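> Give the three-dimensional model of this entry:
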Amino acid sequence: MGTQFFIETDHDAYEDDYFAQSAGGMAVLRTLLREFGMLTDAQEPHHPRFSEFGLTPDDFDGPMSDGKVKPEKAEAFAAGQQAARNRLEGYDPATTGIPYYKVAYNEGFLIAPAEIAAALAAYNSRPAEQRREAERSGSWAEWIAFLRQGASAGIRVF
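Down below sits the predicted model:
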């Protein structure tokens, strides 16, 4: 299993809006991101549970995965869903790069434009020869081009 990256767009994904990497390729990618100072060790945000919003399996009409909640629990369900979205889309405005967890797990995290900009600034600050050497091997050059393309919109990780 690998990881898929999609540039946040308001249209269906096109070939240029997409980047995929195998599990082994992701290990190499994360290593290079770390070597170039493009990753941060920001703490992964808390994963909200429905129980935190007063919901139990009995509050659903059918499997929880179907999302059909009983009408009296609709507000609590909506709050739980919003908390889950906030977790995936959140970022620290003082970021210095891409949080490691966003490229380590394919849960739907959004790599925010500010995180991409900080990561690219770190990359661009490295000696040109070091960047050229990295871009000669594997898919690193494609990854850097993809980051640049997604810098203004953000990139979703699945």
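> Tell me the buried residues in stretch 136-148?
By 16 or more other CB atoms under 10 Å, the buried positions in stretch 136-148 come out as S139, W140, W143, I144, F146, L147. C-beta coordinates here come from the backbone N, C-alpha and C atoms, glycine included.
> and the third one, how far is that from Y18?
Taking CB to CB, to the nearest Å as the measure, W143 and Y18 are separated by 12 Å.
> Likewise for I144?
Between I144 and Y18 the computed distance is 16 Å (CB to CB).
> cool, P48 as well?
Distance from P48 to Y18, by CB to CB: 29 Å.
> Pick out whichever of these two has more residues nearby.
Shown here are P48 and Y18; by other CB atoms under 10 Å, P48 has more neighbours (17 against 13).
> Tell me, how many residues neighbour the residue nearest to the more buried one when sequence neighbours are not counted?
Among residues not flanking P48 along the chain, A83 sits closest, at 4.0 Å (CB to CB, 6 or more residues apart in numbering). Neighbours of A83 under the rule other CB under 10 Å: 17.
> contact partners of the strand or helix carrying A83?
Using DSSP states H and E, the element containing A83 is helix 74-89. Helix 74-89 is contacted from outside by 45-48, 50, 52-55, 59, 67, 69, 107-110, 112, using CB atoms under 8 Å, 6 or more residues apart in numbering.
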